[in-house]
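Peer 1: Let's see this in three dimensions:
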Amino acid sequence: MAGGAAHPREAWPGLCGMAATLTGVGIGRFAYVAILPLLVQQAWCSRTAAGYLGAANLAGYFLGIGIAAWLSRRCSAGRMVQASMLLCALSFFSCAWQGGGLAWFLCCRTVAGACGAILMVQAPVLILPRTDAARRGRVGGVIFSGVGLGIVAAATVVPSLVRHGLAATWLTLGGICLLLTISTWRYWQQAPAQRAAPAGPWRLAWPRFPAPVALLLAAYALNAVGYLPHTLFWADYITGELQRPLAEAGFFWACFGAGAACGPYLTGVIADRIGLTATLFIAFSLKAAGVALPLFADGAVALLVSLVLVGFFSPGIVGAASGYALEIGGADNHRRYWTAMNFGFSLAQAGAASAMVWLMGARLSYALLFVISSSALAISALCIGAIALLRQRDAQLMLRA
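Peer 2: Below you'll find the predicted structure:
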């Protein structure tokens, strides 16, 4: 009975982490996927301006990585999480004011993006190092399942809210974020302070990372390239290149969200059983296969399998990668390595997205995007294999010594 009574307390940190990622990325970023076309239809802004708002969120995420590193030297991670969740909620409330103009909306979406980055960096480093190694994969999965839940909300909840008007939609999403903020406020307030960063300027100095960490950074950055066709261009691929109805594209996006909602936890369960190295290698390999599948078949079943695989492993890999950074770097370096990984991810995401938009502007086939992204994920899998070989070699050297 005692052990059973402890379960709610053991689950609470992971649920608080899930609330953080749901607020900052799940709702803060992915709810906008469903809102974007409605902004144009209801004449809140032009199609071009709506695209700029989406780009502003990605730019804010990139800025947030640097802000998180700068703030980590000046305040506790718990306070950063509290402030970021609150600001994300306020950014949605602010978007309900239609008269603010483009500059106002750009500011709000940039703030939401920056807060999302801070939450993705700081929440896991407050929870995972204090979690038993045997449960770390599952807890990490719970934390990052907030991303997938946001995708599900974008596909299901937002369309039903829009019937009451876009202002009501923004306010409702802000209210959800505020409720999540209030419900977890005390946990983040009581979170123990992290060890202070060393004196001197903060740098992301690539050569200073050990070889296994550098390979993990490369694998995670390439992962950002791998998921772009399915998250940025899928609807246009279905309706434009395959000439299928918009409703079918919406159904596929909902399937992607379903995979993303359960992927992190189930990936964590697998990691607790077979280890993070094997889990990440399998995850990158299957995700590469999922991205490449439309190159060989474009039937409904093939497209569904592709969406589910990519949806399952997109947030699933995030939790496993954060846990792997902790495993190979230790608790003292977890924040630095995880911050660097998010920096590389956001940089690769922004650069690859711009390049892919340019390629599509040249009226090229989406097949090229699938080739690029599946190749990037295949290289990620090779990086994980190389890490395994390096760690095996180091272990053998230690035994001989």
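
Peer 1: packing partners for the longest helix seen in the chain?
Peer 2: Determined from DSSP state H, the single longest helix within the chain is helix 367-400. Packing partners of helix 367-400 (3 or more Cβ pairs under 8 Å, 6 or more residues apart in numbering; DSSP states H and E): helix 211-226, helix 228-232, helix 276-292, helix 331-361. Yep, even glycine has a C-beta here, placed from its N, CA and C like the rest.

Peer 1: CA atoms only: put the first one into CSV for me.
Peer 2: Think helix 211-226. The C-alpha trace of helix 211-226 is given here as CSV (Å, rounded to 0.1, in the frame of the first residue of the first chain):
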residue,chain,number,x,y,z
ALA,A,211,32.9,13.3,-29.3
PRO,A,212,29.8,11.4,-28.1
VAL,A,213,28.0,14.6,-27.2
ALA,A,214,29.0,16.3,-30.5
LEU,A,215,27.5,13.3,-32.4
LEU,A,216,24.3,13.6,-30.3
LEU,A,217,24.2,17.3,-31.1
ALA,A,218,24.5,16.5,-34.8
ALA,A,219,21.8,13.8,-34.7
TYR,A,220,19.4,16.0,-32.9
ALA,A,221,20.0,18.9,-35.3
LEU,A,222,19.4,16.7,-38.3
ASN,A,223,16.2,15.5,-36.6
ALA,A,224,14.9,19.0,-37.1
VAL,A,225,15.4,18.6,-40.8
GLY,A,226,13.7,15.2,-40.8
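
Peer 1: Turn the helices and strands packed on helix 367-400 into JSON lines, columns for mean neighbour count, mean pLDDT and distance to residue 267.
Peer 2: Below are the helices and strands packed on helix 367-400 laid out as JSON lines (neighbours: other Cβ atoms under 10 Å; pLDDT from 0 to 100; distance: least, Cβ to Cβ, whole Å):
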{"stretch": "helix 211-226", "mean neighbour count": "23", "mean pLDDT": "95", "distance to residue 267": "13"}
{"stretch": "helix 228-232", "mean neighbour count": "23", "mean pLDDT": "84", "distance to residue 267": "17"}
{"stretch": "helix 276-292", "mean neighbour count": "23", "mean pLDDT": "96", "distance to residue 267": "6"}
{"stretch": "helix 331-361", "mean neighbour count": "19", "mean pLDDT": "85", "distance to residue 267": "17"}
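
Peer 1: Of all those helices, which one is nearest residue 306?
Peer 2: Nearest to residue 306 among the helices and strands packed on helix 367-400 is helix 276-292 (4.9 Å), distances taken as Cβ to Cβ.

Peer 1: Centre of the chain to the closest one, how far?
Peer 2: 17 Å (Cα atoms, centre = their mean, to the nearest Å).

Peer 1: Specify the angle between that helix and helix 211-226 in degrees.
Peer 2: Angle, helix 276-292 to helix 211-226, by axes from the mean of the first three to the mean of the last three Cα atoms, to 10 degrees: 20 degrees.

Peer 1: Who are the packing partners of helix 276-292?
Peer 2: Helix 276-292 sits against helix 211-226, helix 246-274, helix 300-329, helix 367-400, with contacts defined as 3+ Cβ pairs under 8 Å, 6+ apart.

Peer 1: looking at those helices, which is closest to residue 37?
Peer 2: Of the helices and strands packed on helix 276-292, nearest to residue 37 by Cβ to Cβ is helix 246-274, at 9.3 Å.

Peer 1: So which bits of that closest one are buried?
Peer 2: 249-268, 270-272 (16 or more other Cβ atoms under 10 Å).

Peer 1: Out of the helices and strands packed on helix 276-292, which is closest to residue 124?
Peer 2: Closest among these, once you apply Cβ to Cβ, is helix 300-329, at 4.9 Å.

Peer 1: Alright, I will stop here.
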